[in-house]
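Colleague: heads up, no residue letters with this:
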């Protein structure tokens, strides 16, 4: 009875009850405060770890392996590394069941929540050698470099963020109130997906080489890497292009799209008839290829012609105004009596003159003889010396000997006392590069005087087609 009364006395004593309650509260607060640092009187496996950037990791954050909590971060302090950089050194308090941690383990600081809470994740390696208690995990084990969600969103500038907001608002407005239509779209897509399964099976079949397609695409991407800057500028230019399209999207592009099915039906019906045309077009462009190649060489000349033609085109309205009366005059001339008879006679004349022109033409077009005749005629009357003009004063002594040019002769001069001078050189019909003449040469005026030889007719050597007064450019053209 005395013991029971003693216990009742202690329990009924408010001072003792209050003291016990305060002690329990203090112990609970102490345990709660140190819960993140580990329970007291519990053995731990302590390590240190260095990371290039603590990335907002603080004391008390968790250490996890495979998603399970295995310890806490006791402290985070900055340290100076050997290369002059600053890193963060973490003091880790880990559970004993982790010991020993393989020395090829890796670690990464990851976010625990979008609010910024972090934890250290350790991925154990497969090494048989582990870290002893108190060892330091090197900074080389901290990889890959973590990317926080705020860093992810920081890559968008203000203009991009506003564009994303407008895009989301536009998608929201587009989808708002269209639940039944979306349901109908999904219901309609089901047969499409069912019918597309055989097509997809054919695409991924080994015979189609679908895997090689992606390999080729990878090679193509590697090829265009050196022109990435040009591609970026192209996309910037596309932005301006699509902005121009946006200005004509409604109603023009919208009507074009709405009329597309009818156009495709018409094209499907007309393509069989157009196939021969496309075939002939392919042959035409194949035959046109040499001309296009030649056009590249003549493009400077054509450009000069276009520049010269612009003034002519500017003056074309005046010419066009004069064309109707000119055409009327030509029509009246055509209807005049005797015109057709005259044209027929002109045609006959051309037919008669054509052989002569064909034979005589090269003497001017190739040998330039007509121009030389007028030049020499003008020189004969204009050039002179102190005794008079060349045309007025021609004085020479003919060579002497048999059949000399000094008197009547019965045969060509062929020697005599002045053997080296008294030889006839005459070519009444020299070659003028005319058709049928061999060799093709401009012989008149280019013959060499051959002393001691009588030469009548064409010389055996080729005198070429270059005559006096022709420019180097004309020589090259020949």
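Modeller: Received the coordinates, thanks. As the structure is a computational prediction, the values presented were derived from the model and not from experiment.

Colleague: And the helices in this structure?
Modeller: Using DSSP state H, the helices found in the chain span residues 2-11, 14-33, 149-154, 158-175, 179-203, 210-223, 228-247, 254-258, 260-314, 316-335, 339-360, 362-365, 369-382, 472-477.

Colleague: now these in TSV, with mean pLDDT and distance to residue 90?
Modeller: For the C-beta atoms, the positions are set from N, CA and C on the backbone; glycine is no exception. Conversion of the helices of the chain to TSV gives the following (pLDDT from 0 to 100; distance: least, CB to CB, whole Å):
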stretch	mean pLDDT	distance to residue 90
helix 2-11	53	49
helix 14-33	69	21
helix 149-154	68	21
helix 158-175	86	34
helix 179-203	85	50
helix 210-223	86	41
helix 228-247	87	40
helix 254-258	85	60
helix 260-314	86	63
helix 316-335	85	87
helix 339-360	87	104
helix 362-365	84	98
helix 369-382	80	101
helix 472-477	53	85
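
Colleague: Serialize those to CSV and add fields for mean neighbour count and distance to residue 121.
Modeller: Below are those laid out as CSV (neighbours: other CB atoms under 10 Å; distance: least, CB to CB, whole Å):
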stretch, mean neighbour count, distance to residue 121
helix 2-11, 9, 51
helix 14-33, 10, 25
helix 149-154, 10, 16
helix 158-175, 10, 30
helix 179-203, 9, 39
helix 210-223, 10, 32
helix 228-247, 10, 35
helix 254-258, 11, 51
helix 260-314, 10, 54
helix 316-335, 10, 82
helix 339-360, 11, 98
helix 362-365, 16, 93
helix 369-382, 13, 98
helix 472-477, 9, 82
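
Colleague: ok, how many other residues are close to the closest residue to residue 359 other than its chain neighbours?
Modeller: Leaving aside its sequence neighbours, residue 359 sits nearest to residue 434 (CB to CB, 6 or more residues apart in numbering; 4.7 Å). Neighbour count for residue 434, taken as other CB atoms under 10 Å: 15.

Colleague: how about residue 434, what does it touch?
Modeller: Going by CB atoms under 8 Å, 6 or more residues apart in numbering, residue 434 touches 358-360, 362-363.

Colleague: domains in the chain, as residue ranges please.
Modeller: By the assignment in automatic domain parsing, the chain contains the domains 34-153, 259-336.

Colleague: Nearest approach to residue 430 belongs to which of those?
Modeller: Closest approach to residue 430 among the domains of the chain (CB to CB): domain 259-336, 35.8 Å.

Colleague: Might you quantify the distance of the closest one from its chain's geometric centre?
Modeller: 30 Å (CA atoms, centre = their mean, to the nearest Å).

Colleague: Which pLDDT value goes with residue 107?
Modeller: The model reports residue 107 with a pLDDT of 89.

Colleague: how about it, what does it touch?
Modeller: Contact analysis of residue 107 by CB under 8 Å, 6+ apart lists 49, 51, 120-123, 137, 141-142.

Colleague: Disregarding residues adjacent in the polypeptide, which is nearest to residue 94?
Modeller: Nearest non-adjacent residue to residue 94, counting by CB to CB, 6+ apart: residue 71, 3.6 Å away.

Colleague: Please list all residues in contact with residue 323.
Modeller: Residue 323 makes no contacts at all, as judged by CB under 8 Å, 6+ apart.

Colleague: Could you tell me how far it is located from residue 331?
Modeller: Using CB to CB, to the nearest Å, residue 323 is found at 12 Å from residue 331.

Colleague: same thing with residue 20?
Modeller: In terms of CB to CB, residue 20 sits 134 Å off from residue 331.

Colleague: next one: residue 197
Modeller: For residue 197, the distance to residue 331 (CB to CB) stands at 75 Å.

Colleague: With residue 228 instead?
Modeller: Shown here: residue 228 relative to residue 331, a distance of 67 Å by CB to CB.

Colleague: Then residue 64?
Modeller: According to CB to CB, residue 64 stands 103 Å off from residue 331.

Colleague: what does residue 187 give?
Modeller: Distance from residue 187 to residue 331, counting by CB to CB: 75 Å.

Colleague: same check, this time on residue 363
Modeller: 40 Å.

Colleague: swap in residue 408?
Modeller: Residue 408 sits 67 Å away from residue 331 when distances are taken as CB to CB.

Colleague: Then residue 127?
Modeller: Noted for residue 127: a distance of 106 Å to residue 331, by CB to CB.

Colleague: Could you do residue 369 as well?
Modeller: Distance of residue 369 to residue 331, computed by CB to CB: 42 Å.

Colleague: before we move on, the earlier item: got a list of what the residue nearest to residue 94 touches?
Modeller: Residue 71 makes contacts with 38, 44-45, 62-63, 92-95, 98, as judged by CB under 8 Å, 6+ apart.

Colleague: what bridges to it?
Modeller: residue 63, residue 94 (DSSP bridges).

Colleague: and residue 99, what does it touch?
Modeller: By CB under 8 Å, 6+ apart, the residues touching residue 99 are 45, 130, 133.

Colleague: 6 Å instead?
Modeller: By CB atoms under 6 Å, 6 or more residues apart in numbering, the residues touching residue 99 are residue 45.

Colleague: and it, what pLDDT?
Modeller: With respect to pLDDT, residue 99 has a value of 86.

Colleague: Need phi/psi at it.
Modeller: Backbone torsions of residue 99, given as degrees, to the nearest 10, read phi -70, psi 140.

Colleague: any idea how far it lies from residue 385?
Modeller: Residue 99 sits 126 Å away from residue 385, going by CB to CB.
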